[in-house]
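# turn this into a model:
(chains A, B, C and D, ligands or ions: 4)
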Amino acid sequence: SSTKTGTGTNGAGSAASGTISGTKRIVLLNNTDSPFWDAARAGIKKAQNDLKLTDVGFTASMDSNDGTETGQIEKLRQYGTQSDIAAVIISPISATNPAIADELKKLKAKGITIGCFDSDLDAKYQQYREFYVGTNNIAGGKVLGTAAKLLKPDGAPYVQFVGVDSQQNAIERMDGFTSAVGDKFTQKDRKLDDADRNRARDNVRDVITKYPDLSLLVGIWSYNAPAIVDVVKEKNARDKFTIVTFDAEAIAIQQMQEGMIDAMVVQNPFAMGYESVRYAFAKAKGDQDTLKSMFPNMGQPGGDILDTGLKVVAPTGSPLKAEMFESFGKSVEFLDLPAFQTWLKQYDLTSS
Amino acid sequence: MTPPIIAIEKISKRFGGTRALHEVSFDVLPGELHAICGENGAGKSTLMKILSGVITDYEGELRIDGQTARFSGTRDAESVGISIIHQELNLVEQLSIAANIFLGRELRWGGVFCDDRAMEVAATELLKSLDCDIPPSRLAGSLRVGDQQLIEIAKALSLNSRILVMDEPTSALTEAEVERLYRVIAKLRSKGTTILYISHKMDEVFHLSDRITVLRDGQFIATRNAKETNAGEITKLMVGRDIESLDLGPRSSRGKKVLEVRNLSLEWPGHARGYRLKDISLELYQGEVLGIAGLMGAGRTELLECLFGASSLPPTGEIILDGVPIMPRHPSQAKRAGLALVTEDRKRLGVFNSMNVGQNISMCSLHEAAAGPLLSSSRERRLSDSMVSKLRIKTAGLTPPIGSLSGGNQQKCIVGRWLLTHPKVLLLDDPTRGVDVGAKAELYRIIRGLCSEGIAVIVTSSELPEILTLSDRIMVLNEGRQSALFTREEATQSKIIQAAT
Amino acid sequence: MNNDSPSLLGRLWSSVEFKLILSWLLVVIATMVLDSNHTYWNASADSAQIVLRQTVLLGFFALGSAIIVISGGIDLSSGSVIAMSATVFGSLMIVLDPEGFKAGHVYTTAVILSIAGTLLVGAMVGTLHAWLITSVGLPPFVATLATLVGLRSFSRGLTPTLTGGKSQIDFPDDNLRNALKDVNTITILFIVFALALWFLMSRTVTGRHLQAMGGNEQASKLSGIRTDRLKWLAYVIGAVSASIVGIIFFADQGSAKPDIMARGYELNAIAASVIGGCSLQGGIGTIPGTILGCLFLRTIIDAVQKIVGAGADVFEGMIVGIVVVVAVTFSQRGTGKLIGKRYFSDEIGWSVIPTLGLLSGLAYLLFFGKREWYAPYQAILVGLIVIGALAVRAVLESRTNSSSRV
Amino acid sequence: MNNDSPSLLGRLWSSVEFKLILSWLLVVIATMVLDSNHTYWNASADSAQIVLRQTVLLGFFALGSAIIVISGGIDLSSGSVIAMSATVFGSLMIVLDPEGFKAGHVYTTAVILSIAGTLLVGAMVGTLHAWLITSVGLPPFVATLATLVGLRSFSRGLTPTLTGGKSQIDFPDDNLRNALKDVNTITILFIVFALALWFLMSRTVTGRHLQAMGGNEQASKLSGIRTDRLKWLAYVIGAVSASIVGIIFFADQGSAKPDIMARGYELNAIAASVIGGCSLQGGIGTIPGTILGCLFLRTIIDAVQKIVGAGADVFEGMIVGIVVVVAVTFSQRGTGKLIGKRYFSDEIGWSVIPTLGLLSGLAYLLFFGKREWYAPYQAILVGLIVIGALAVRAVLESRTNSSSRV
Ligand SMILES: Nc1ncnc2c1ncn2[C@@H]1O[C@H](COP(=O)(O)OP(=O)(O)OP(=O)(O)O)[C@@H](O)[C@H]1O
Ligand SMILES: Nc1ncnc2c1ncn2[C@@H]1O[C@H](COP(=O)(O)OP(=O)(O)OP(=O)(O)O)[C@@H](O)[C@H]1O
Ligand SMILES: [Mg+2]
Ligand SMILES: [Mg+2]
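Residues are numbered from 1 along each chain as shown, chains lettered A, B, ... in the order given. Ligands and ions are numbered 1, 2, ... in the order given. Next up is the predicted model:
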């Protein structure tokens, strides 16, 4: 791509801004703020320290979007005017949105390194980003679905809880789940809460009272897990329901410890943050080795994807076992809760 | 005998429970000035609203020039040449005087565009015909009641329609402006305009009208030729009984000094004159009535507002009540000190439209109606009732909303509201504005009664006779300065007007 | 509030409260009949509890908002104040007992202090509103609009500062949590709160003065009422009630996430009070009415969930919108007037008929339009029927002469 | 808007427009100085374009909202109408040219029809508002609150029905997109639109009547003005302007997501018009003022982005809130009055001082509080200084006797 001219313009930019502050920014733009990203922030900070970004006048930080396309588009436009942007790594709020693609294209033309993390652009727009660091959310959905199937061998009526079903990762996770569980499972309802956690609890209360035969509750977004558990506790109907959820908010982990959650599929936002920064920084320095080591077969189809893997977390003594998920390959790792918690400690995270 | 220009046939109108009009029928002859008299709530305004297309649903029939007219709005009425000056002010305060005068009938160019210049020129003409020299580009909201009423008159005149309804046009005007209005009316009549004129001021009625129709409780009582009748008879017809003669009983002897004001001044930033009030000094004794006369805009309202701590800017000078200097900065302080103010602008500064009659009356004396912080509805009712009966307020109990009462009765409610606070000094700014003769007489008697109880009263009025009957001493304001102080004996209309101009 | 009808029964009948109770019963019965799962029969207790909890939570700040509305103001900030209070409550606990916060057992004294502190901050916000309105002289809409945007962003800034970079505060102490979110506790708390406010507004001098100020501010000032202090009181009550909700929410949701917490709730509160008979012109409204307004609103929402079944969330807004319109119209006028009234007698009336037809047609399509090929034609048919019906009504109206247009 | 000051210059000086231009310049200069990247120097064109685009987009529906406000109403529905229009526009294109929609090249005729249809639907919504307000007799706040919730949910229902289960509509045609979102096109469009409205409000009889109705509806009625029709006009203008924005937004954002699109924008519109000098009591306000209000608001937001840099959006709300307060105060009164005014002379004034101190202390902590250990102490210091300063001011005020409290 136009890296040469790119660095050229960047040089000019940095010269202009250099007089005041020589810093160049590596920006990671999320879709909407949530504890999930706190882990990513930790990753970014770690990368910044490990790779000593600041020594050569670089900083890496995450910008929070407000959950709307407008928000991301506006931010991308802002970056376009700012001279100190070295790289923009985005978690696009909608993979098919042409406007976001447009803005990324413009930034790319300015010689800014463009990448995606956590969720990728639609195939027809992937030309605009150099790499994708994250997990395939459809796969994530499939894994959770498989877990559900293993926990409920002879099927169950279920409800999926999510904030906004127009958001990319929500769509993929839910589709993945549905495709994996198969037709023994019947979806009673799909409850939206507009990311309002009060509403999220009502939704759970509502379906529990409404569908007496319901027996499987699926949390798609991170805060859905605690919402589900709270209500189940409140009604102390734990034995009635199997509960499988995405992501691991602090409370959710604690609740799994209490035996309130049967399976969590956890992504690795920490790695997403860390690796994104690592790539962008290497790119800026022109450090080919790192680039190679990260994307050995860059240029070949799928060579520009770095899979940060999934973790299936189950409480100790769960029927779920590691071998059950081997079919998904090494990108999916099975952990029991203690193991997971030690993993978190190791990067001193409270959520993931 | 010429055929009537307006024939009113068995017109009736109800408002919920109240019967405003009941089978009223009478004629109005072309070119005459037909006065309509009646107590507060007799139905005068209601009838006029029907006549001018404001009220569209009523029983009965209305004939203009012999053929039946059923207006669906004010436009229809205007189209047959009827225009009205409403009792209550109806101006858009955010618009200029000119814009208000031509509201709804703007002079245009190119069909859709306002021709402001033309309108201002025309407005200046109209105002000149009322000897009023306020620039027509000024916002209507920046005017005082009196000036606003002149604008209303100008607005009605601008229609130069053949039938003009005037519903208490002079209620906020003082002699000088009334004189101007007379001249205008004379001009109109020379052009053959028919005028329906409502007023509670007998002298006006007899000075102007050819014929007088009396309404009572919404019913037609009689029509008389002004020549062949007198105030006494009309009043009797209105009230339905012999009205006690206006002898207000012996004047109470003046007691000790209650209130003393030493060169009170109020600045007026951004105005040529620079002050609204300048070096006003006065003394007020228990049991006396001090009348304050002056032309519209002389500063009477400001003076009372200053005494009551209600002026927008703080005044300078001294106010001494019972020997203690007070300079109230908020009405609540004045109220606690023992002052009470009945404002001149009832609609804006008096009534609480969302509340009923009882609540409106008890508003200032709730603490008497309360045991500790809790209100006792029975006590409150007793308080309000006492005033309803004392002031003979015409209302169906305490529960109807105040808005359903006629102007005069609303005024009585507000007077009652303040009487309940047992004030040492009672400030009355035009207390009888729009109040009928009967009620006036009662108010006068009440004021006297209060004096004999040792209360001191300051009263302003737009009617000199009123000031002369009421006051023990009369202070005349001119351009915010104190131009004369008469005792009742020396005071005469001519002297006062001279001092005021 | 037309007191024209003298008889006590008549007045009761025409009172907003009574009408609301009626319409509420209507909704409940409708739900019992139309809900295919018969939830209200099978799980009455649970269903009741759901509605109760929601009504109470909404009630707290709706009452605050109602008092402001009655006294002639408006408060757009309640949603943000809720979010801020949750954040402040969390932050105070962190500051006062850091170890306890990590360990998951906060000292009772720290908790009490934190709650007190949060309510105090609420009162401070109320004071700020009153100051902006009385001393700075801003219209209430603007003043509270400013805090609506300001306080939320303020809390968003505060959270990472105190949590060390996190975007939300997780609730530390489970026992405390269960204590604070328990439906019985908050219901009792609410009853006390509501009774107090009801007393204030209907039985005390202050309440009367608040009402008077709402009706005619200048006149009440000239009647010797300290309108400034009254405003202070009203806005403090408003903000503190929101703070209480903030504390409960934090417990109920287990985390305080200022950027989305209680976003847009201010409008729910205002809607509830308006449905409950408060006039936004001020001076009119009651506490019981507002409570019933909350109950009605929350019941409607619950009913939609029950009746529509899957995908109810999507349609909720539509139905709530329609119900708000109907309820407010109904509670403002007498039923008789309502039917006698002319709706389609003028140009606007005629020109709205196609709109209503279109809407009902599409609504039909959305609700009942299974994927059959003829569904669209059905919808069009429905639309045409509605248009026809309304047209007939319009003609009838233009016939009759008894207009009761105001 | 006090026309008492006779001299034309004086009036200009005291006009809202003039003050806004001044404050705007202030903001721009401040940004040039404080922005460490000197973006306004290096990328002036781009920056200008961003602000311009934002101002124009906001301007369209802010002007609509302003006209409603001036004529004495209020419109809470603009955000939802925007979302709905985007959805309707997309749906119409799907219905009128399904192949083209899939293929990515929609027939021009289909496009034109769709745009016309969308604007028509906008007009219908306006009519609905007018009908609810005039014929049904709802307060504008309630009527538009109902459509605020109703229309959004309506669009949410519509989208999957037409896209076959998807919850968003992606913009089909790239050329069309670029045509519709092009900043020059929309700017020119806006200028025309604004000029038309400016003419309407300042020069025509209808505009005069709208203003009169806003000032005193009763009086306008008695002067034979058909207030119903005027309301219809105002609300149709409001809704149509929002529809225009909906169409542009759809193109600009590349997809229509009715559930989150333009959520809460209604308040931006109202804020802009209020900053621009419109009074929510009605009767007061101008078109140029509103436009300047939009420009000012958008510039502020942009300035925050530039100055604060990373994580700006967190503080955006705070700064906007403060600016709204200052701007409105400033534009309402003369500067002289502003300084002479008494802010802390009464109980409320005193009691707000701690609040302001606390706020400024925390603000300091949030903005400049690097993680040094002494940062909190600095913050406390700042707080105390502010409190001290204000206390002094309070004392001085209580000394002087020149109050201009209203
Ligand atoms: N809008 C209304 N609603 C209810 N009742 C009304 C209304 N307008 C007038 N009334 C009642 O109709 C009766 C006649 O009122 P109207 O104003 O015509 O009296 P009036 O003769 O003009 O009195 P005044 O001399 O004080 O103006 C009064 O009893 C009044 O209470
Ligand atoms: N809002 C205002 N704007 C401009 N001038 C005013 C205003 N209010 C009063 N004035 C002027 O100030 C002076 C005092 O007015 P004010 O109405 O108090 O006198 P007044 O004798 O009480 O008249 P009224 O007969 O209306 O009570 C007059 O010159 C009046 O024109
Ligand atoms: Mg009258
Ligand atoms: Mg006066």
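
# for residue B:54, give me its contacts.
Residue B:54 is in contact with B:74, B:84, D:222, counting by C-beta atoms under 8 Å, 6 or more residues apart in numbering or on different chains. C-beta: built from backbone N, CA, C; applies to glycine.

# what about the residue nearest to the last one when sequence neighbours are not counted, which SS state?
Leaving out its chain neighbours, the residue that sits closest to residue D:222 by C-beta to C-beta, 6 or more residues apart in numbering or on different chains is residue B:90, at 5.2 Å. With DSSP: H, G, I helix; E, B strand; the rest coil as the basis, residue B:90 sits in coil.

# verify the stated contact: residue B:90 with residue D:225.
No. Using C-beta atoms under 8 Å, residue B:90 is not in contact with residue D:225; the gap is 11.7 Å.

# neighbour count winner among the two?
Under the neighbour definition other C-beta atoms under 10 Å in any protein chain shown, residue B:90 and residue D:225 were set side by side, and residue D:225 has more, 24 against 19.

# contacting residues for the residue in the stretch 51-200 of chain C that ligand 3 sits nearest to?
Closest residue of the stretch 51-200 of chain C to ligand 3, C-beta to the ion: residue C:72 (28.3 Å). For residue C:72, the contacting residues are C:213-215, C:217, C:281-283, by C-beta under 8 Å, 6+ apart.

# can you tell me, leaving aside adjacent residues, what's nearest to residue B:189?
Excluding the flanking residues, the one nearest residue B:189 by C-beta to C-beta, 6+ apart is residue B:33, at 6.4 Å.

# kindly apply the preceding question to residue C:296 instead.
Of all residues not flanking residue C:296 in the chain, residue C:24 sits nearest, at 5.1 Å (C-beta to C-beta, 6+ apart).

# kindly report the same for residue A:344.
That would be residue A:352: by C-beta to C-beta, 6+ apart, it lies 6.4 Å from residue A:344.

# number of residues surrounding the closest residue to residue B:80 other than its chain neighbours?
Excluding the flanking residues, the one nearest residue B:80 by C-beta to C-beta, 6+ apart is residue B:64, at 5.3 Å. Other residues lying near residue B:64 total 20 when counted by other C-beta under 10 Å.

# can you check the one 10 residues further on too?
Residue B:74 is surrounded by 22 other residues when neighbours are defined as other C-beta under 10 Å.

# now it. Its backbone dihedrals?
Dihedral pair for residue B:74: phi -60, psi -30, per degrees, to the nearest 10.

# what sits against it?
Contacts of residue B:74 by C-beta under 8 Å, 6+ apart are B:52-54, D:221-224.

# and residue B:496, by the same measure?
With contact set as C-beta under 8 Å, 6+ apart, residue B:496 has these partners: B:293, B:464, B:467, B:474, B:476, B:484, B:486.

# verify the stated contact: the residue nearest to residue B:80 with residue B:76.
No. With contact defined as C-beta under 8 Å, residue B:64 does not count as touching residue B:76 (10.3 Å).

# which non-adjacent residue is nearest the residue of the stretch 151-300 of chain C with the smallest separation from chain D?
Nearest residue of the stretch 151-300 of chain C to chain D, counting by C-beta to the nearest C-beta: residue C:153, 2.7 Å away. Nearest residue to residue C:153 in three dimensions, chain neighbours excluded: residue D:317, at 2.7 Å (C-beta to C-beta, 6+ apart).

# neighbours around the spatially closest residue to residue C:152 that is not a sequence neighbour, how many?
Closest residue in space to residue C:152, ignoring its immediate chain neighbours: residue C:80 at 4.2 Å, by C-beta to C-beta, 6+ apart. For residue C:80, the count of nearby residues is 30 (other C-beta under 10 Å).

# please, which helix or strand holds residue C:80?
Assessed by DSSP states H and E, residue C:80 sits inside helix C:78-96.

# poorly predicted segments of chain A, please.
The model of chain A has pLDDT under 70 over residues A:1-22.

# check it and tell me which residue is nearest its centre.
In chain A, the C-alpha nearest the mean C-alpha coordinate belongs to residue A:118, at 3.9 Å (C-alpha atoms, centre = their mean).

# please verify my assumption that that one contacts residue A:29.
No. Applying C-beta under 8 Å, one finds residue A:118 not in contact with residue A:29, separated by 10.4 Å.

# who touches both of the two?
Listed contacts common to residue A:118 and residue A:29 are residue A:91; contacts here mean C-beta under 8 Å, 6+ apart.

# picking that back up, residues near the residue nearest to residue B:189, how many?
Other residues close to residue B:33 by other C-beta under 10 Å number 23.

# residue A:76 versus that one, what's the distance?
Separation of residue B:33 from residue A:76 (C-beta to C-beta, to the nearest Å): 78 Å.

# likewise residue A:246?
Residue A:246 sits at a distance of 27 Å from residue A:76 (criterion: C-beta to C-beta).

# can you check residue B:213 too?
80 Å.

# with residue B:307 instead?
Counting by C-beta to C-beta, the gap from residue B:307 to residue A:76 is 67 Å.

# okay, the two: which has more neighbours?
residue B:307 (26 against 21).

# in this structure that one contacts residue B:319, no?
Yes. With contact defined as C-beta under 8 Å, residue B:307 reaches residue B:319; the gap is 6.3 Å.

# what sits in contact with each of the two?
B:259, B:261, B:328.

# just the element for the second one, please.
What that stands for is residue B:261. Using DSSP H and E, the element containing residue B:261 is strand B:257-267.

# each with direction, which strands does that strand pair with?
According to DSSP bridges, strand B:257-267 forms sheet pairs with strand B:275-285 (antiparallel), strand B:316-321 (antiparallel).

# which ones are touching the residue in chain A that chain B sits nearest to?
Closest approach between chain A and chain B, counting by C-beta to the nearest C-beta: residue A:198, at 34.9 Å. Residues near residue A:198 by C-beta under 8 Å, 6+ apart: C:57, C:249, C:252-253, C:262.

# you'd agree it is in a helix?
Yes. Residue A:198 sits within a helix when classified using three-state DSSP.

# residue C:392 - how many residues pack around it?
11.

# where does it fall, phi/psi-wise?
Per-residue torsions, residue C:392: phi -60, psi -50 (degrees, to the nearest 10).

# and it, what's its pLDDT?
Here, the pLDDT recorded for residue C:392 equals 89.

# and it, how far from ligand 3?
Taking C-beta to the ion, to the nearest Å as the measure, residue C:392 falls 42 Å from ligand 3.

# buried ones in the host helix or strand of residue A:338?
Assessed by DSSP H and E, residue A:338 sits inside helix A:337-346. Under the neighbour-count criterion of 16 or more other C-beta atoms under 10 Å in any protein chain shown, helix A:337-346 has A:337, A:340-341, A:343-344 buried.

# what's the nearest residue to residue C:273 if we skip its chain neighbours?
Spatial nearest neighbour of residue C:273, excluding adjacent residues (C-beta to C-beta, 6+ apart): residue C:66 at 3.8 Å.

# and the one you found, how many residues sit next to it?
Number of residues near residue C:66 (other C-beta under 10 Å) recorded here: 34.

# helices of the stretch 301-406 of chain C, residue ranges please.
C:312-332, C:335-340, C:347-368, C:375-399 (DSSP state H, counting those that start in this stretch).

# any idea which of those scores lowest on pLDDT?
Of all those, helix C:335-340 has the smallest average pLDDT, which comes to a mean of 64.

# in helices, which of the contacts of residue B:496 fall?
B:464, B:467 (DSSP state H).

# min pLDDT across the contacts of residue B:496, which one?
If you rank the contacts of residue B:496 by pLDDT, residue B:464 sits at the bottom with 86.
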